[in-house]
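Colleague: coords please:
(2 chains)
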Amino acid sequence: MGAPMAYDGTRSEDRHLAERLREGDPEALRDAYSRFGRVTFGFLVKSLGDRGAAEDVQQQVYTQIWQRAESYDPNRGSLLSWLMTIARSRAIDHRRRRVPEPLDPDVAATQLDSRAAAEDERIDRLAEQWRIRELLDRLPEAEAEVLRRRFYGELTQSEIAEREGIPLGTVKTRMFTGLRRLRELIDEEGR
Amino acid sequence: MSASDEISSYLLGELDPDAAASFERRMAGDAALREEVEGLRPVVERLSELPDEVWEGPEPPPLELPGNAGAAPAPRRRWRLPTLTLRPVAAVAASVLLLAVGAGIGALVAGGGSGDGPPVEESLSLSRVDDGPSGAHGSVLVSAGRTRAEVDVSGLDPSGAGRFYELWLLDEDGKTFALGSFQVAADGSADVEIPIPVQPSRYRYFDVSLQEDDGNPAHSGISVLRGPASS
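Modeller: The predicted model follows:
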């Protein structure tokens, strides 16, 4: 086992991107969209269950990022976390607009409370899954590929080696370093 | 096999039973090894739980820059395939409405208003469509800032238990945006205020549907009232 790998400064990239957003640089918004657009959109499609609604809420999310860039503090969390928090809030807002008012408040209030709590939990779980997806995108391609083939393609390491035409030892090394790097990214996001 | 190779093979369940047992004995006596394994285990579990769509990731629509974000033209949105079809009577009504609304809609842009003069409230009529009861009618009063709508309907069937009405923005290609739900009382009327988080002028119609409270967020296909989204 080698020394822990250093995280290569994505937080500083966040600071730079956030600074450009605060300065009103439209290219910064495009860069943010290029980097995070797929993740927020995937999250919104799944959480809203409606691609058309997800497209509109996605637009709301990036409009809000543009308008409220000054409120992002890199010292309090990553840009990804801030962005996913906004996407989560807009998704919940959208879902809640559809909860019908109870006809019988005494009966329905409890049902609505428990339903809302379950819905929030589901959306939180989805947000976490899409956050992991964004972190996977930050891995070196070779490591991301073995993780994809193992966890999405459901291949064993031996099968990956055979299909890729690379030594089994190389696959195992990439698997281990990929998992370890991903753990560091998750830890970094949590700080 | 190196220690790191063994760790990932163990966590992936790819060691044979004897090798796994041997690895666990070593781990029991090696705190650093144990810490490494336990640190990676949740990562493996999280990856194992990722659904296919997360790996695949849908292509996002092109970004529409907010109104004040530079002069570059926003790319045309690529809408989803329609899932809601306008029924024949509604289609006729839609044609009439389109003629009435005219080219003015196209001039409206995201960010608000027609551009000339201060924005004002808009009062828009809702007319019965094929699934609505005869005598159903209503109106939508859109606030000057285009952020809220006061919906006033009458002549509808009471929503009753397990059903509710929903206000939508609707495009002629079937693209919908849910704005909010409401109940209709026994007298067939309702007067509710609903936030509008998107520019209504980006859509053709306000649409009121009758929905089953079955957890399905999509439009039921049962439209009872419809009218233009802007004048």
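Colleague: I would like the residues contacting stretch B:142-154, please.
Modeller: Stretch B:142-154 is contacted from outside by B:112-113, B:118-124, B:126, B:136-141, B:165, B:167, B:179, B:182, B:184, B:187-197, B:199-201, B:206, B:208, B:225, B:230, using C-beta atoms under 8 Å, 6 or more residues apart in numbering or on different chains. No exception for glycine: its C-beta is placed from N, CA and C like everyone else's.
Colleague: now swap in stretch B:210-220 and tell me
Modeller: Against stretch B:210-220 from outside (C-beta under 8 Å, 6+ apart): A:48-50, A:53, A:95, A:98, A:100, B:83-84, B:131, B:157, B:159, B:162-166, B:168, B:170, B:176, B:178, B:181, B:207, B:209, B:222, B:224.
Colleague: how does it look with 6 Å?
Modeller: A:49-50, A:100, B:84, B:162-166, B:176, B:209, B:222, B:224 (C-beta atoms under 6 Å, 6 or more residues apart in numbering or on different chains).
Colleague: ok, A:Asp187 to chain B distance?
Modeller: 9 Å (C-beta to the nearest C-beta, to the nearest Å).
Colleague: look up how far B:His137 lies from that residue.
Modeller: A:Asp187 sits 60 Å away from B:His137 when distances are taken as C-beta to C-beta, to the nearest Å.
Colleague: comparing those two, which residue is more hemmed in?
Modeller: Taking neighbours as other C-beta atoms under 10 Å in any protein chain shown, A:Asp187 and B:His137 compare with B:His137 leading, 16 against 11.
Colleague: check contacts around that one.
Modeller: For B:His137, the contacting residues are B:Gly155, by C-beta under 6 Å, 6+ apart.
Colleague: one more time with 8 Å, if that's ok
Modeller: Contact analysis of B:His137 by C-beta under 8 Å, 6+ apart lists B:125-128, B:153-155, B:225.
Colleague: show me what it is bridged to.
Modeller: B:Ser127, B:Ser154 (DSSP bridges).
Colleague: per-residue pLDDT, it?
Modeller: B:His137 is assigned a predicted lDDT (pLDDT) of 93.
Colleague: repeat that for B:Phe164.
Modeller: At B:Phe164, pLDDT is 86.
Colleague: which SSE is it in?
Modeller: Using DSSP states H and E, B:Phe164 sits within strand B:163-170.
Colleague: about what we covered before: just the buried residues of the contacts of stretch B:210-220.
Modeller: Buried members of those, scored by 16 or more other C-beta atoms under 10 Å in any protein chain shown, are A:50, A:100, B:84, B:163-166, B:176, B:209, B:222, B:224.
Colleague: one step back: partners of the strand holding B:Phe164 in the sheet?
Modeller: Short version: by DSSP bridges, strand B:163-170 pairs with strand B:176-182 (antiparallel), strand B:205-212 (antiparallel).
Colleague: after the first one, next one along is what?
Modeller: Where DSSP H and E defines the elements, the next helix or strand beyond strand B:176-182 is strand B:190-195.
Colleague: setting aside sequence neighbours, what's the nearest residue to residue 20?
Modeller: If you meant another chain, say so; for now it's chain A. Distances taken as C-beta to C-beta, 6 or more residues apart in numbering or on different chains place A:Ala28 nearest to A:Arg20, at 3.4 Å, with adjacent residues excluded.
Colleague: meant chain B actually
Modeller: B:Tyr10 (6.2 Å).
Colleague: so how far is B:Val44 from that neighbour?
Modeller: Distance from B:Tyr10 to B:Val44, by C-beta to C-beta: 10 Å.
Colleague: neighbour count: these two, which is higher?
Modeller: Neighbours per residue, other C-beta under 10 Å: of B:Tyr10 and B:Val44, the larger number sits with B:Val44, 22 against 19.
Colleague: same question for the top helix by length along chain A: list its buried residues.
Modeller: When chain A is parsed with DSSP state H, its longest helix is helix A:105-136. For helix A:105-136, a neighbour-count test (16+ other C-beta under 10 Å) marks A:108, A:112, A:119, A:123, A:126-136 as buried.
Colleague: cool, stretch B:158-177 as well?
Modeller: B:159, B:163-172, B:174-177.
Colleague: got it, and stretch B:187-200?
Modeller: Across stretch B:187-200, burial judged by 16+ other C-beta under 10 Å covers B:188, B:190, B:192, B:194, B:196-200.
Colleague: farthest-separated two in these?
Modeller: Comparing every pair within the buried residues of stretch B:187-200 by C-beta to C-beta identifies B:Gly188 and B:Gln199 as the most remote, at 30.9 Å.
Colleague: name the nearest residue to the residue nearest the centre of chain B, ignoring sequence neighbours.
Modeller: Nearest to the mean C-alpha position of chain B, by C-alpha atoms, centre = their mean, lies B:Phe177 at 5.5 Å. With C-beta to C-beta, 6+ apart as the criterion, B:Phe177 has its nearest non-adjacent residue at 4.4 Å, and that residue is B:Leu169.
Colleague: isn't the one you found up against B:Pro200?
Modeller: Yes - the pair B:Leu169 and B:Pro200 passes the contact test of C-beta atoms under 8 Å, sitting 5.9 Å apart.
Colleague: tell me, what's touching the two both at once?
Modeller: Contacts common to B:Leu169 and B:Pro200, judged by C-beta under 8 Å, 6+ apart, are B:206, B:229.
Colleague: okay, residue 111: pLDDT?
Modeller: In the absence of a named chain, this looks at chain A. Confidence score, pLDDT, at A:Gln111: 65.
Colleague: let's do chain B instead
Modeller: pLDDT, B:Gly111: 39.
Colleague: show me what contacts the residue nearest the centre of chain A?
Modeller: Centroid-nearest residue in chain A, with C-alpha atoms, centre = their mean: A:Arg131, separated by 2.4 Å. The contact partners of A:Arg131, by C-beta under 8 Å, 6+ apart, come to A:39, A:80-81, A:84, A:189.
Colleague: switch those over to TSV; also include neighbour count and distance to chain B.
Modeller: Output for those, formatted as TSV (neighbours: other C-beta atoms under 10 Å in any protein chain shown; distance: C-beta to the nearest C-beta, whole Å):
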residue	neighbour count	distance to chain B
A:Val39	26	7
A:Leu80	21	15
A:Ser81	16	16
A:Met84	24	13
A:Glu189	18	12
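Colleague: closest one to A:Met175 out of those, please.
Modeller: Nearest to A:Met175 among the contacts of A:Arg131, with distances taken as C-beta to C-beta, is A:Glu189, at 21.3 Å.
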